[in-house]
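[1] A structural model of the following input is requested.
(chains A and B)
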2 protein chains.
Amino acid sequence: MVVVGGGFGGLFATRFLRRGDVRITLVDRTTHHLFQPLLYQVATGILSVGQIAPPLRGILRKHKNVDVQLAEVTGFDLEERAVVAVRPGGTECAFAYDSLIVAPGSTTSYFGNEELAQHSLPMKTIDDALNLRRRIFAAFELAETAPSEAERRRWLTFAVVGGGPTGCEVAGQIAELAQRTLKEDFRSIDVASAVVLLFDAGKEILGTFGGGLSRKATDGLERMGVEIRTETRVTGIDGDGMDVESPNGRERIATHTVVWAAGVQASPLAGILAEAAGAERDRAGRVVVRPDCTLPDHPEIFVIGDAMTLSGLPGVGGVAVQQGIHVARTIRQRLEGRERGNPFRYRDLGSMATIGRGRAIVSFHRLRFGGLVGFLSWLFVHLALLTGHRNRFGALIAWGWAFLGRSRNQRAFTVESIGGSDIYRGFAPAGVPAFEREAG
Amino acid sequence: MVVVGGGFGGLFATRFLRRGDVRITLVDRTTHHLFQPLLYQVATGILSVGQIAPPLRGILRKHKNVDVQLAEVTGFDLEERAVVAVRPGGTECAFAYDSLIVAPGSTTSYFGNEELAQHSLPMKTIDDALNLRRRIFAAFELAETAPSEAERRRWLTFAVVGGGPTGCEVAGQIAELAQRTLKEDFRSIDVASAVVLLFDAGKEILGTFGGGLSRKATDGLERMGVEIRTETRVTGIDGDGMDVESPNGRERIATHTVVWAAGVQASPLAGILAEAAGAERDRAGRVVVRPDCTLPDHPEIFVIGDAMTLSGLPGVGGVAVQQGIHVARTIRQRLEGRERGNPFRYRDLGSMATIGRGRAIVSFHRLRFGGLVGFLSWLFVHLALLTGHRNRFGALIAWGWAFLGRSRNQRAFTVESIGGSDIYRGFAPAGVPAFEREAG
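    So this is what the prediction gives:
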C-alpha cells in the first residue's frame, strides 16, 4: 500500500500497520514529520527546527515493512492504481498500490485574494517559521536604526491576522519577546513600546473554545499587551502597512510585519485526486469522503486529515491522528478478511492554546479551564505528543529556560537567509566576501 | 571606541572593557557571535544553530556601555577617525572612534583558484554549516533513489579537503553518520558502504599537533572508515567529481559532495584597512601589525585575530581571545594614563580535535594524549568555552544522545532551502502549493 504524506494522519496510519503483513511506501516531499502545534515556538526563538521536525526515516527505522520515499506527488492514475510523483532532480516515478491513503494536509489560504500573500508571513511549514523568526528579530534591529520616528513605529508594530490558536500563540509570544526577552537588549529604542495587534473577523478570538475561555484568552493576551480587534476584516496588505475594515469604519495600520494565520485550505493534491476520481470538494478544497473515509466508488482509496471533509469535523491534528488509526485498522481488517466497514467516529479530546508563559486555556469534554492548571495540562499533553524522548527532554529544558527564565536559545538568523526579503535589500550576505559585490 | 567584528577577538575585548569608563560601539554584519569550533556539529546534525550562535545583544545585555550595531563595514576614514558601514537596506553610516579594534576574522581560501569554490562546500559560517547539513543528508536520500550504480556510488562518496581539525572532525562525523546514525534508516542502499575520503597536501593530517598525535588521529579515523590521502593536492572540482594529484600520479574521484576545509584567508576588510593605512599584508591577506597589535603609524588602531599576522602566531581562536584581552587592557591603561606598551605574548594553551565519539586528541604544553581522556578534556574545555549555561546544558544533552546513543536531533532540512542547489533542481519547494509551478 501507499501513504501520501508523513503528517499526523499518514504517520499514525503507517505506525499502526507496523506489525501488519503489509508493505507500506510512505511518500513525502520533505524528509521530516512536522509537529505543527509548536511551529510558533520555532518562529519566536524558543525551539530549534530539529525539535519539532524529526526525520521520518528515524521515526520509522525499526518498521522494516515501511519504505520512506522522498518525492513530490503530482498525480493519481486510478485505473492503473499508481501514484505518480517527481523525485528530487525532476525525474518522474510511480508507486503502485492496492490500498492508498492520501493525507497531504493543508496549505495557507488567502480566501481567494492572493495579493494578501505577497506581503504577509504564513505559518504552515518549517520555512515559514524560520522566515518569520528572521522577520521578527530583524524588525527590532531595523527599528533600532530607523531613520525616522514613523519608520521606527512601523517596525515596532506587529500585526497578526487570525484569532485561532496559532494566531493567539504567535501574538502572545511576540508580546513576550518585547516585554521580557528583548527588554534590555537595545539602546536606542524602547522595545517594550512595541505594539502587537491581533485581528479576527469573528466576534471573539478562539471562538471554537466557547464557555468563557475566549474571554479568558482575551484578558490574558490584553494583560500581556496584545491589542485585540475583533469583527475586523483585512482588505489589503502592502509592504508599509495594511487596510482593515470593521463596524467602526476603515483604518490603515502602519506596519512592516503582518503574520497571516487566518485560514487554511486543502493541499492542491486534494483537487488532483478529486478530479481523477470524480469526487466532490467543499469550499476549502477538501474532498468529500464517505463515513469510512473512502472515496465514493473507490473503496481502496482513503482521504484523511485536513484534505477531506466529513460531517463538519474540525481541521485539527486530533482528527488526522484518529482517522489515520481508523483507516489503518480498516485496511488490516480487509487483509484479514473481516472488514466491518465501520464509519469513522471522532472522539473530541479537547483543545488547548497557550496564552503566555504559565498560562494556557484548555477545553476538555465539558471542562473549561485556564491559568497555571491549563498551562501544566498543555505542557503534559505536548510532551506526550512530541516524537522521541530526546525531543521531549529538549523541549522541557527549552521551556524551563524560556518561561521560568527569559532566555530564548534560537534567535540566530543570517543575513544571507533573508536575501530574498525586501527588508534586507542591498545588504551583503554573510559568509560571502563583501567586497566582491556592490554594497548598497 | 569602535570594535569591528563580534567573533572571539572582538567579543573578548568588548567584555574586558565592560567596567571601563569607555563607550563601545560593536559593529557586526550578523546579530550573533559564532562559536566556530563546533560548526561541524551543526553541519552533521548534532547541535542546533542557536546553540553555537548566541545573539550578541543577549551576551552584552548587561554591558550598558556597549552599543551593538548591525551593519557591514565597507571602509575606514583614518583622517576623520571613522568606520564607514552599510546598514540593512543599503543606507551608509559612519561610526567615529578614538580607539579602533579591527577583528573581522577570516574567510575560506581557495588559494587563488576560485573555480574550486563553485562545486565545493566551505565551512566558515552558519549558512555554510546548514548548507552542508542539507547536502550530506540529501546525498543519502539521492543515493537511495539513484538511477544507476555509478550514480549511487557518487552520492555515497564524500570527499573532505584539508586535514586540519575542521576537516578531520567533519570527515569523522560523516563516517559516524554512515556507520551508526543512519545505518538502519534506508531500505535500498547499504549506508555503511559510504566512502569518506580525507585529503591533505602535507605529509600527515593534523601536522601541527606533532608528537605522535597525528598518527593517533590517523589510526582513529581509519578505524572509523575514513580513507586518508596525504601528499595529495586537489587540482579541480566539478559537479561530478574531483581531480587530485599525488606522488602516485593523477586520479579522478567520482563524488557529488566535496567539503572544502583546506584554508582560510583574512577577511577582505584587512585589505581595505591596510590600503587606507599603507600597512603591509602577508600572502594570506593578513595585516602585519606591531608587537602590541597596533598598525604602524596608527597607535589608535588595533588589528587582532585571523585578520593580522605577528611573528608566526597560529590562526586559532585562542590567539584572538588573548589578543582581544591584551588590546582591551592596553586601551584601559591609556585611559588611565599609565600605558606600558607591552607587546602581545601568546600563551599556547594547547589544541584539540575530536576524532569520533569518545575519542579526541589533545596537545597541552608538553603533554600529548588521546582516547577517552582526550575526549573528556575536549568535553570539559568546550563546555567551559560555550557562551551561557543554557547552551552548555543543551550541548551536553545533545552530546549524550549523539555519542552514547546514536540519535541526532538536528537532521531536518527543507527542500526550499536547497532551492539554489543543483542537486534538487526541478523539485518543488516545500510549503508552496506545488501545482502553481511547473513540476520537473
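
[2] Now the phi/psi pair for residue A:72, please.
    With angles defined as degrees, to the nearest 10, residue A:72 sits at phi -100, psi 120.

[3] Show me what it is bridged to.
    residue A:86 (DSSP bridges).

[4] Give me the number of neighbouring residues for it.
    Neighbourhood size, residue A:72 [other CB atoms under 10 Å in any protein chain shown]: 23. C-beta here means a position set from N, CA and C on the backbone, and glycine is covered the same way.

[5] for residue A:343, same thing?
    12.

[6] And for residue A:116?
    Counted with other CB under 10 Å, residue A:116 comes out at 21.

[7] Isn't it up against residue A:110?
    Yes. Shown here, residue A:116 and residue A:110 form a contact pair, counting by CB atoms under 8 Å, at 4.4 Å.

[8] Show me whatever sits in contact with both of these two.
    residue A:260 (CB atoms under 8 Å, 6 or more residues apart in numbering or on different chains).

[9] Mind listing the strands whichever strand or helix holds residue A:196 pairs with, and their directions?
    In this assignment (DSSP states H and E), residue A:196 forms part of strand A:195-199. Within its sheet, strand A:195-199 is paired with strand A:157-161 (parallel), strand A:226-229 (parallel), according to DSSP bridges.

[10] quick one, what contacts the spatially most central residue of chain A?
    Centroid check for chain A by CA atoms, centre = their mean gives residue A:124 as the closest residue, at 3.6 Å. Applying CB under 8 Å, 6+ apart, we find residue A:124 in contact with A:36, A:39, A:106, A:107, A:108, A:264, B:431.

[11] Over to residue A:129?
    Here residue A:129 is in contact with A:39, A:40, A:42, A:43, A:49, A:123 (CB under 8 Å, 6+ apart).

[12] do that again at 10 Å, thanks
    Shown in contact with residue A:129 (CB atoms under 10 Å, 6 or more residues apart in numbering or on different chains): A:34, A:36, A:38-44, A:47, A:49, A:52-53, A:121-123, A:170, B:431.

[13] Mind checking which of those residues land in helices?
    A:39, A:40, A:41, A:42, A:43, A:49, A:52, A:170 (DSSP state H).

[14] And those, which is closest to residue B:283?
    Relative to residue B:283, the closest of those is residue A:49; by CB to CB it sits at 40.1 Å.

[15] Excluding chain neighbours, what is closest to that closest one?
    Leaving aside its chain neighbours, residue A:49 sits nearest to residue B:412 (4.9 Å; criterion: CB to CB, 6 or more residues apart in numbering or on different chains).

[16] thought that neighbour was touching residue B:133?
    Yes. Counting by CB atoms under 10 Å, residue B:133 is a contact partner of residue B:412 at 9.0 Å.

[17] where do the contact lists of the two overlap?
    Shared contacts of residue B:412 and residue B:133, counting by CB under 10 Å, 6+ apart, come down to residue B:45.

[18] Could you check which of those two has the larger neighbour count?
    residue B:412 (25 against 20).

[19] does residue A:50 really touch residue B:394, like I thought?
    No. Look at residue A:50 against residue B:394 with CB under 10 Å: they stay out of range, at 11.5 Å.

[20] higher neighbour count, these two?
    When neighbours are counted by other CB under 10 Å, residue A:50 comes out ahead of the other of residue A:50 and residue B:394, with 26 against 23.

[21] Who are the contact partners of that one?
    With CB under 10 Å, 6+ apart, residue A:50 has these contacts: A:32, A:42, A:126, A:390-391, A:394, B:45-49, B:398, B:408-413.

[22] Sort out for me which of the residues you listed are in strands.
    Assigned to strands by DSSP state E, none of the contacts of residue A:50 qualify.

[23] Narrow the residues you listed to just the buried residues.
    When neighbours are counted using 16 or more other CB atoms under 10 Å in any protein chain shown, these contain these buried positions: A:32, A:42, A:126, A:390-391, A:394, B:45-49, B:398, B:408-413.

[24] Chain B contacts on the stretch 151-300 of chain A?
    Applying CB under 10 Å from any CB of the partner chain, we find that the stretch 151-300 of chain A lies next to chain B at A:181-188, A:265, A:267-269, A:271-272.

[25] farthest-separated two in those residues?
    The span of these, defined through CB to CB, is set by A:187 and A:272 at 53.6 Å.

[26] Looking at these two, which is more packed in?
    Higher neighbour count among residue A:187 and residue A:272: residue A:272, with 19 against 13, using other CB under 10 Å.
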